[in-house]
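Chemist: After the sequence you'll find the predicted model.
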Amino acid sequence: MTTTPFDVLLLGGNVVDGTGNPWFPADVGIRAGRIAAIGRLAGAQAGVVLRADGHVVSPGFIDMHSHSDFGVIAHPPAESAVAQGVTTQLIGSCGISAFPRRPATPRLRLDPPEIGDWSAKEYFGLLGKGIGTNVAVLVGHNRVRACVMGLDPREPTAEEQGRMRALVEEAMGEGAVGLSTCLEWPSADSATTAEVVDLARAAAKHGGFYSAHLRTYSDGLFDALAETVQVHRETGMPVHLPIVHTRGRWRSRMGGLLAAVADYRTQGVPLTMDVIAFPAFGGWWGHRAVFPDTLYGWQADNLEDVLGRLADPGSRAEVRRAVEERRTVPHTTFAEQLLTFDSWDSIRIEAVGPGSTNAQFVGQTVTQAAERVGANPTDFYLDLLMAERRSLATIHYPIRHDDWIQAFRHPQTSFGLDVVTTRPDLPDRKFNAFHVHPAHFGGMPDVLGTYTRDLGILSLEEAIRKMTSLAATQIGLRDRGILTEGAWADIAVFNPRTVAGRGTWFEPRRYPVGIQHVLVNGVPVVRDGKTTAATPGRVVTRH
């Protein structure tokens with residue numbers, strides 16, 4: 001046993017090291033931010049001793065799809081992330097990094113109302129002042145394009161292409177780990193493959209990888225995947241597919257997409273994936289998916305206006321026509337496919353009022369519930385809303401649950417939360433353009449609780465491997481995502497019998513249960529189940 005004191009000592013835990021190997025009982029000693037010893041360390045001296053009796057001691061979780069670019073600047077402790085065991089976030093997703101920005105740069109999707117104008121160097125400097133989690137940073141193609149070209153839906157001139165290339169080079173020089181795109185969003189949807197390849201080649205020179213939100217996840221899906229593979233073949237860089245899914249008329253094509261990815265991998269294409277850690281994204285509230293903006297503004301939440309119109313027979317007929325039109329028109333754009341519904345099968349009843357006779361429908365889709373009583377689904381939904389009013393929670397699932405499970409259990413998919421870090425008591429709309437939902441505070445605990453412990457979809461060791469070492473490998477982090485001597489001490493300690501998210505669709509702002517301690521670079525950011533507001537995180541880079 002070493003006689004040199006540890007900075008932190010975790011005693012009595014069961015180590016799941018992140019590799020997929022079975023757990024084993026051991027203590028963990030930490031010194032200078034790294035794991036110094038794993039074994040029987042009882043009696044060793046330490047500045048801080050944390051008990052982990054009967055708990056799992058694992059690597060900290062890695063969120064492979066975060067939009068916390070502004071969140072970690074506005075609220076550095078990132079408490080909603082660390083409280084669920086997240087120690088590293090991959091930010092800059094979907095082509096919308098927070099930088100580079102100049103005064104004339106137009107706002108992009110998810111930009112908060114008040115944001116800074118900064119270069120890559122200035123932004124990385126802000127991160128260096130202290131954050132609660134580590135961050136790996138992607139430079140976003142959409143942001144670079146907006147900085148140089150505004151939102152013009154056209155190809156760049158040679159001079160503009162050169163300026164974009166220089167911005168990518170600058171970001172990579174400051175520590176970005178790669179380039180992200182979202183060729184589905186305006187005006188990046190007008191970018192050619194050649195434009196993307198040129199910028200990707202600039203990132204590849206610095207050892208970066210390519211994170212590709214595909215040009216479409218519906219009609220043309222496999223062509224979009226082939227386009228992404230072409231970027232690899234022309235640049236040599238690894239390719240990552242964030243939040244892999246299928247939607248619209250292609251909602252049932254997940255098996256085909258996973259098979260295509262497997263086929264490319266057998267051809268030697270370094271293609272990896274992540275899947276959202278929570279089974280619903282996009283139009284969280286059913287009202288948001290069902291009613292057009294002219295009737296219901298989800299941020300203003302003017303549900304009473306809708307209820308008033310439904311109470312009048314003439315107005316109800318107008319509302320019904322609007323809902324049916326929204327459901328039946330072709331959904332081709334990103335927003336239409338993700339945020340609106342085309343089938344009552346994708347709207348599920350999640351909650352009703354206490355003691356309501358409609359409790360019999362909870363857990364069913366609107367189609368299933370309507371068939372049960374012999375009603376038209378549209379009329380059933382409107383009647384249900386009138387009966388339950390604000391006690392009704394219906395959620396839009398733009399991807400099929402069975403398809404999500406396929407991707408969730410696939411051995412090559414890590415997990416992303418697709419949220420912005422915050423805190424329950426913060427007025428976060430200034431930097432969080434998302435509608436807060438349970439994954440903001442409990443997505444990773446739900447992986448461990450609901451889908452691993454309760455449903456048995458994954459073993460504990462496999463779930464942790466996907467949340468840690470697999471994700472670290474996908475980003476290119478050599479000494480994180482694993483518990484071994486010499487690795488950085490990013491650690492989560494949790495009770496496998498009780499770990500769970502506590503958020504509901506009505507009250508999403510709840511910390512999870514079962515997360516006992518969380519350390520980032522050896523510093524406790526959660527201790528005895530409570531966040532510490534410490535900011536020991538840093539910008540992490542590949543290899």
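Modeler: Right, received. Where do you want to start?
Chemist: so E324 sits right up against T378, yeah?
Modeler: Yes - under the criterion of CB atoms under 8 Å, E324 is in contact with T378, at a separation of 6.0 Å. Yep, even glycine has a C-beta here, placed from its N, CA and C like the rest.
Chemist: Which one's more surrounded, those two?
Modeler: Between E324 and T378, counting by other CB atoms under 10 Å, T378 is the more crowded of the two (18 against 11).
Chemist: in what helix or strand does that one lie?
Modeler: Using DSSP states H and E, T378 maps to helix 377-388.
Chemist: Output the below-cut-off pLDDT ranges for this structure.
Modeler: Judged against pLDDT under 70, the low-scoring parts of the chain cover residues 1-2, 248-251, 281-284, 427-434.
Chemist: ok, longest strand in it?
Modeler: Among the segments of the chain that qualify as a strand by DSSP state E, the longest is strand 6-15.
Chemist: So which elements touch whichever helix or strand comes after the helix holding T378?
Modeler: Following the chain from helix 377-388 toward its C-terminal end, the next helix or strand by DSSP H and E is strand 393-396. Of the remaining helices and strands, those touching strand 393-396 by 3 or more CB pairs under 8 Å, 6 or more residues apart in numbering; DSSP states H and E are helix 286-290, strand 347-351.
Chemist: got a list of contacts for the helix or strand just after strand 393-396?
Modeler: Sequence-wise, the next helix or strand beyond strand 393-396 is helix 401-409, with elements assigned using DSSP H and E. The set of residues that contact helix 401-409 without belonging to it, under CB atoms under 8 Å, 6 or more residues apart in numbering, is 244-246, 251-255, 258, 273, 275-276, 279, 413, 451, 457-458.
Chemist: before we move on, back to that, just give me how far the longest strand of the chain sits from the chain centre.
Modeler: 30 Å (CA atoms, centre = their mean, to the nearest Å).
Chemist: Parallel or antiparallel, which strands does the helix or strand that that strand is followed by pair with?
Modeler: Secondary structure here is assigned by DSSP H and E; on that basis, the next helix or strand after strand 6-15 toward the C-terminus is strand 24-31. Sheet pairing of strand 24-31 (DSSP bridges) gives strand 6-15 (antiparallel), strand 34-39 (antiparallel).
Chemist: Point out the most buried one among the ones you listed.
Modeler: Of those, the one with the most neighbours on average (mean count of other CB atoms under 10 Å) is strand 6-15, at a mean of 22.
Chemist: Mind listing what's buried along stretch 224-234?
Modeler: A224, L225, E227, T228, V229, V231, H232, E234 (16 or more other CB atoms under 10 Å).
Chemist: Figure out the helix or strand that the closest residue to the fourth one other than its chain neighbours lives in.
Modeler: Taking CB to CB, 6 or more residues apart in numbering as the measure, T228 lies nearest to A212, with 4.3 Å between them; neighbours along the chain are not counted. Following DSSP H and E, one finds A212 within strand 209-213.
Chemist: Could you do R265 as well?
Modeler: Secondary structure from DSSP H and E places R265 in helix 254-266.
Chemist: May I have the strands that pair with whatever helix or strand comes next after that helix, each with its orientation?
Modeler: Scanning forward in sequence from helix 254-266, with DSSP H and E defining helices and strands, the next element found is strand 271-276. For strand 271-276, the pairing partners within the sheet under DSSP bridges are strand 239-241 (parallel), strand 413-416 (parallel).
Chemist: Could you list the alpha-carbon positions for strand 271-276 in PDB?
Modeler: Presented in PDB, the C-alpha positions along strand 271-276 are these (Å, rounded to 0.1, in the frame of the first residue of the first chain):
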ATOM      1  CA  LEU A 271     -18.300   5.300 -38.800                       C
ATOM      2  CA  THR A 272     -19.700   5.700 -35.300                       C
ATOM      3  CA  MET A 273     -23.100   6.700 -33.800                       C
ATOM      4  CA  ASP A 274     -24.900   7.900 -30.700                       C
ATOM      5  CA  VAL A 275     -28.600   7.700 -29.900                       C
ATOM      6  CA  ILE A 276     -30.700  10.000 -27.700                       C
END
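Chemist: Tell me which residues are up against it.
Modeler: 64-65, 229, 232, 238-245, 261, 264-265, 404, 407-408, 410, 412-418, 439, 471, 474.
Chemist: Any quick ChimeraX command for the buried ones out of those?
Modeler: To isolate the buried subset of these in ChimeraX, counting by 16+ other CB under 10 Å, use the following:
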select :64,65,229,232,238,239,240,241,242,243,244,245,261,264,404,407,408,410,412,413,414,415,416,417,418,439,471,474
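Chemist: Now do A78 against A533, distance only.
Modeler: As for A78, its distance to A533 is 10 Å (criterion: CB to CB, to the nearest Å).
Chemist: what do those two both touch?
Modeler: With contacts taken as CB under 8 Å, 6+ apart, A78 and A533 have G132 as neighbours in common.
Chemist: Those two: which is more packed in?
Modeler: Neighbour totals were compared for A78 and A533, and A78 leads with 29 against 14 (other CB under 10 Å).
Chemist: Now the nearest residue to G130 once chain neighbours are set aside. Its backbone dihedrals?
Modeler: For G130, ignoring the flanking residues on the chain, the nearest one in space by CB to CB, 6+ apart is T535 at 3.5 Å. Dihedral angles of T535 (phi, psi; degrees, to the nearest 10) stand at phi -130, psi 60.
Chemist: Surely T535 and T133 touch.
Modeler: No - shown here, T535 and T133 do not form a contact pair, counting by CB under 8 Å, at 9.1 Å.
Chemist: What segments of the stretch 351-500 of the chain are helices?
Modeler: Secondary structure of the stretch 351-500 of the chain by DSSP state H, counting those that start in this stretch: the helices cover 366-373, 377-388, 401-409, 439-446, 460-467, 469-475.
Chemist: out of the ones you listed, deepest packed?
Modeler: Ranked by average neighbour count under the criterion mean count of other CB under 10 Å, these are headed by helix 439-446 at a mean of 28.
Chemist: how far off helix 460-467 does it point, in degrees?
Modeler: Going by axes from the mean of the first three to the mean of the last three CA atoms, to 10 degrees, helix 439-446 is angled at 140 degrees with respect to helix 460-467.
Chemist: How far does helix 439-446 sit from its chain's centre?
Modeler: 10 Å.
Chemist: same check, this time on stretch 373-393
Modeler: The offset between the C-alpha centroid of stretch 373-393 and the centroid of the whole chain comes to 31 Å, using CA atoms, centre = their mean.
Chemist: Contacts for it, please.
Modeler: By CB under 8 Å, 6+ apart, the surrounding residues in contact with stretch 373-393 are 285-287, 290, 303, 306-307, 310-311, 316, 319-320, 323-324, 327, 344, 347, 349-354, 356, 358, 361, 366-367, 369-370, 394, 504-506.
Chemist: Show me which of the residues you listed are buried.
Modeler: Applying 16+ other CB under 10 Å to these flags 285-287, 290, 303, 306, 310, 319-320, 323, 327, 344, 347, 349-352, 356, 358, 361, 366-367, 369-370, 394, 505 as buried.
Chemist: So for T192, which of the strands paired with strand 271-276 sits nearest?
Modeler: Across those, the minimum distance to T192, taken as CB to CB, is reached by strand 239-241, at 17.7 Å.
Chemist: What lies in contact with that closest one?
Modeler: Outside of strand 239-241, the residues that reach it under the criterion CB under 8 Å, 6+ apart are 64, 178, 209-212, 214, 225, 228-229, 231-232, 261, 269-274, 474.
Chemist: What's the local residue count around the spatially closest residue to V319 that is not a sequence neighbour?
Modeler: Spatially, and ignoring its direct neighbours in sequence, V319 is nearest to R309 (5.4 Å; CB to CB, 6+ apart). Using other CB under 10 Å, R309 has 16 neighbouring residues.
Chemist: got it, and P25?
Modeler: Applying other CB under 10 Å, we find 12 other residues in the vicinity of P25.
Chemist: Would you check that it makes contact with G13?
Modeler: Yes - in this structure, P25 is within contact of G13 by CB under 8 Å, at 7.5 Å.
Chemist: I'd say R154 and S190 touch.
Modeler: Yes - taking contacts as CB under 8 Å, R154 lies within contact range of S190: 5.9 Å.
Chemist: okay, those two: which has more neighbours?
Modeler: S190 (16 against 10).
Chemist: Nothing else from me, thank you.
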